[in-house]
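K.L.:
quick check, what structure comes out for this input:
(2 chains)
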There are 2 protein chains.
Amino acid sequence: MIKMKQSRSIMSGLTILTLALALTACAANPAAPDPLPSWNSGASKQRIIDFVTDVTDSNSSTYVTASERVATFDNDGTLWSEKPTYFQLLFIFRQITLMAADHPEWRTTQPFQAVLENDWASLEAAGADGLGKLAMATQAGMTTDEFAIMVDDWVANARHPTTGRPYTHMVYQPMLELIDYLKANEFKVFIVSGGGIEFMRPWTEATYGIPPDQVVGSSFETRYEVREGQPVIVREPKMHFLNNKDTKPIAINRFIGRRPILAAGNSDGDFEMLEWSTGGDGARLGLLVHHTDAAREWAYDRESSEGRLDKGLNEADQKDWLVVDMARDWKVIYPDGD
Amino acid sequence: MIKMKQSRSIMSGLTILTLALALTACAANPAAPDPLPSWNSGASKQRIIDFVTDVTDSNSSTYVTASERVATFDNDGTLWSEKPTYFQLLFIFRQITLMAADHPEWRTTQPFQAVLENDWASLEAAGADGLGKLAMATQAGMTTDEFAIMVDDWVANARHPTTGRPYTHMVYQPMLELIDYLKANEFKVFIVSGGGIEFMRPWTEATYGIPPDQVVGSSFETRYEVREGQPVIVREPKMHFLNNKDTKPIAINRFIGRRPILAAGNSDGDFEMLEWSTGGDGARLGLLVHHTDAAREWAYDRESSEGRLDKGLNEADQKDWLVVDMARDWKVIYPDGD
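P.N.:
Numbers count the residues shown, from 1 in each chain, chains lettered A, B, ... in the order given. Purely as a prediction, here's the structure:
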C-alpha cells in the first residue's frame, strides 16, 4: 500500500487534467469514424444522422431522454432477406425433409408431399392453412428447449437455396450499422416481427446484438408442466398471437410499454407500426426499406407475396416516412459482401 | 492539434500504468460499502451475497455470463405491501368513488354499492367476478394514454388507508437494495406480477429503476384504431392474460425468452416461477419473502386471502429456496423508515 501511495503521488493534478482534455478532444475529433459506412452519402443517410443528432442533443427542442429512445425493427425484408420465401418457411420445409423418414404417410399427403417434391405451386395453393399444418407438425408438442436446439441446428447447417449462404449471413450490413449507431446513442432497440418469437430468439443476440427479451414476434400457445421432476414449457398446436399489421402496435404496447420514436419496416405489415410510432409528439422517424436491387438482392414491392409494399409506398410522402432505396442508398447488402 | 499532441506526450506509458493500478486498487478496497445495508447480518444476507459472488466470479465453476443473468421479482407482497388488500384493488375502488357522481345507479347496484359504502363483506362475497366488473367499469374503453394518466394521479394523490403514505412509498427498502445490487452486477431485472401490466408501468422506473419493457403482468385485450387522424390503443372489456401460478413461467418464456437464475416471490402464486427458475442447471436462487412482522408491516401466510403462502412454505426446504424472515432479516421495511 505504501508503494501504491507513492506511485499515485507521481501523477500531478495537471497530468490528470491533461488526460481529461486529451480524451475530450478525441471525442470531438472531426475525423470521427462514419457511423454508417455502408450507407452512400445522400438524403437517406443524412436524414438518419440528423434525426439521431436532434433527439440526443440536450440543447435541442427535439431532445428525447435516453429512457424514451425506443426503436423497433421488423425482421423479414427489413433486417434480412425474405426471398424466394420467408426464411422461417424454409426452416419448416427443412424440418419436414429431416422428419420425413419417420412419416412415410407424408409422401402422399398434402401439403407435406409438396414440400418433399419441391412443388411450390401446390404449396402456394395450400395457403396459410397448409403452412399452419406444416408448422404444427414440426413444432407442436415439443418443449421450448427442444425447439431452440432445432433452430440452432438450422442456423449452423442450413444454406440458402440460391446464395448458398447461411441464413444469418443474409442480414443487411447497413441495418446492422444502423442498430449499432442507435445503441451507441442510448436507444433501446427491439425487433417487432411477424416471424416466430422462438424462431428468432436463439440467434438475434449473436446476429444483431439484440437480446431475447427485446424480440417480439408471433407465438404459439404454451403450457407449463413438470415432467419426471423437471419443469418444461411445451409448445401447443395452437397459435397464441399473430404479430402483423394492426397487432404490431398492440404487441409494442404489450411487450415494450413505450411508444417508439423510430420504427423501421419494409412491407404493409409494418404500416400500423410506423403509423403508431410516428403519430406521437416530437421528433419521430419512420423508415421503409424499398427492395429495388435485383442485381445484389431482389427487387419487389406492390405485387410481391412476401413483403408486399403498396399502401406504404402510396402514403410515405404524406406521412413523411423515409423510403430507403436499397440500390441507391446501400454500398453493400450483406456483411460478407454482395 | 499540435498543442494537443504535445500535451499527450507529457504522459508517459508508466504514468498511465500507474493510474490503472491505482484504480484497480480502489476497486478492491476492503472497506467497500455494504451492498445490502438494510439487511441484518445473517444467513439470508450471506446467501444472497454468496450467490451473486458465485455467478459473477469468472474463475468460478458457477460463473454465469452477464447476458444470462436474468432475475424476476413478483410485485405484490414481494416489492411492496398488499394489505389490507392488493393496492391495485384500492386503486380501482378509488376510481369508483371518483366516478360515482356520473353513475347514480351505482349507489344501489352491487358490487359498486359495496365500494361506495366501504362494505368489505359484500365485496368479498362478490368475488373475482365482482372485482372484474369494477375493473371493467373503471378501465375498459379508455385509451392506454388515458389509463396511464389515471394511474399517475393515483400515485401522486392517493394515500394508504392505515399508514397514510403514498402507495409507492410502501415498497421494501431491502428489496430496492437487492435490485440495485443485482443491477450493479449486470443482472437484468424484471417484474413478473399478477398485477396489471399497465397499472405498474407508469411508476416502476421511478420507484424500482425497472423500465416498462422489463415489467410483465396481467393484461386486458386491446385494439388499435385511428381516431380523427390520431392512432390510439384502446382497452377492451376483456382479460387477455392472467399472470399467476403456472402462467408465470409461460409469461417469462414469452416476454423474456430466458430462464431466470434468480426468482423472488412471496406467495403460492409465485411457486411455479421459482420452480421453473431454480429447476435449471448451475447456480440458482429462489427467494420467498415471509411476512412475519406484525409490528412494522403485516404478519400472514397460510390463511391469508392476499399473498397466501402455504405450499411454498411446505416445500421451500426441500427445494433449497431461501425464506426471508421479514422481522428477523430486515433492519427497516420502507424507505421512509418503518
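
K.L.:
contacts, neighbours, all on C-alpha from now
P.N.:
Noted.

K.L.:
flag the shaky bits of chain A, pLDDT-wise.
P.N.:
A:1-31 (pLDDT under 70).

K.L.:
show me the helices in it, by range?
P.N.:
A:2-10, A:13-27, A:43-56, A:87-99, A:112-116, A:120-139, A:144-157, A:173-184, A:197-208, A:247-251, A:271-278, A:311-319, A:326-329 (DSSP state H).

K.L.:
need those helices in JSON lines with mean neighbour count and distance to chain B, can you?
P.N.:
Below are the helices of chain A laid out as JSON lines (neighbours: other Cα atoms under 10 Å in any protein chain shown; distance: least, Cα to the nearest Cα, whole Å):
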{"stretch": "helix A:2-10", "mean neighbour count": "12", "distance to chain B": "6"}
{"stretch": "helix A:13-27", "mean neighbour count": "13", "distance to chain B": "6"}
{"stretch": "helix A:43-56", "mean neighbour count": "17", "distance to chain B": "19"}
{"stretch": "helix A:87-99", "mean neighbour count": "18", "distance to chain B": "18"}
{"stretch": "helix A:112-116", "mean neighbour count": "21", "distance to chain B": "29"}
{"stretch": "helix A:120-139", "mean neighbour count": "15", "distance to chain B": "16"}
{"stretch": "helix A:144-157", "mean neighbour count": "16", "distance to chain B": "9"}
{"stretch": "helix A:173-184", "mean neighbour count": "20", "distance to chain B": "16"}
{"stretch": "helix A:197-208", "mean neighbour count": "19", "distance to chain B": "7"}
{"stretch": "helix A:247-251", "mean neighbour count": "25", "distance to chain B": "6"}
{"stretch": "helix A:271-278", "mean neighbour count": "26", "distance to chain B": "6"}
{"stretch": "helix A:311-319", "mean neighbour count": "15", "distance to chain B": "11"}
{"stretch": "helix A:326-329", "mean neighbour count": "19", "distance to chain B": "29"}
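
K.L.:
quick one: which of the ones you listed is nearest B:V70?
P.N.:
B:V70 lies closest, by Cα to Cα, to one member of these: helix A:197-208, at 15.0 Å.

K.L.:
so what does that closest one touch, helix or strand wise?
P.N.:
Counting contacts by 3 or more Cα pairs under 8 Å, 6 or more residues apart in numbering or on different chains; DSSP states H and E, helix A:197-208 is packed against helix A:144-157, strand A:215-227.

K.L.:
run the last query once more with 10 Å
P.N.:
Contacting helix A:197-208 under the criterion 3 or more Cα pairs under 10 Å, 6 or more residues apart in numbering or on different chains; DSSP states H and E are the following elements: helix A:87-99, helix A:144-157, helix A:173-184, strand A:188-196, strand A:215-227.

K.L.:
show me what the fourth one is packed up against.
P.N.:
Yep, that's strand A:188-196 we're talking about. Strand A:188-196 sits against strand A:70-73, helix A:87-99, helix A:173-184, helix A:197-208, strand A:215-227, helix A:247-251, strand A:262-265, with contacts defined as 3+ Cα pairs under 10 Å, 6+ apart.

K.L.:
that strand pairs with which strands, and in what direction?
P.N.:
According to DSSP bridges, strand A:188-196 has the following sheet partners: strand A:70-73 (parallel), strand A:215-227 (parallel).

K.L.:
need these in CSV with mean neighbour count, can you?
P.N.:
Output for the strands paired with strand A:188-196, formatted as CSV (neighbours: other Cα atoms under 10 Å in any protein chain shown):
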stretch, mean neighbour count
strand A:70-73, 25
strand A:215-227, 20
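
K.L.:
which of those strands sits closest to A:L288?
P.N.:
strand A:70-73 (10.1 Å).

K.L.:
give me the contact list for that closest one.
P.N.:
A:79, A:175, A:179, A:182-183, A:186-193, A:214-216, A:252, A:256, A:258-266, A:270, A:273-274, A:277, A:284-287 (Cα atoms under 10 Å, 6 or more residues apart in numbering or on different chains).

K.L.:
of all the helices of chain A, which lies closest to B:N59?
P.N.:
helix A:197-208 (23.8 Å).

K.L.:
got the angle for the closest one vs helix A:173-184?
P.N.:
Between the direction of helix A:197-208 and that of helix A:173-184, the angle (axes from the mean of the first three to the mean of the last three Cα atoms, to 10 degrees) works out to 90 degrees.

K.L.:
just put the helices of chain A in a markdown table and tack on distance to A:H291.
P.N.:
Putting the helices of chain A into a markdown table (distance: least, Cα to Cα, whole Å) gives the following:
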| stretch | distance to A:H291 |
| --- | --- |
| helix A:2-10 | 59 |
| helix A:13-27 | 36 |
| helix A:43-56 | 15 |
| helix A:87-99 | 16 |
| helix A:112-116 | 27 |
| helix A:120-139 | 22 |
| helix A:144-157 | 24 |
| helix A:173-184 | 14 |
| helix A:197-208 | 20 |
| helix A:247-251 | 22 |
| helix A:271-278 | 16 |
| helix A:311-319 | 12 |
| helix A:326-329 | 6 |
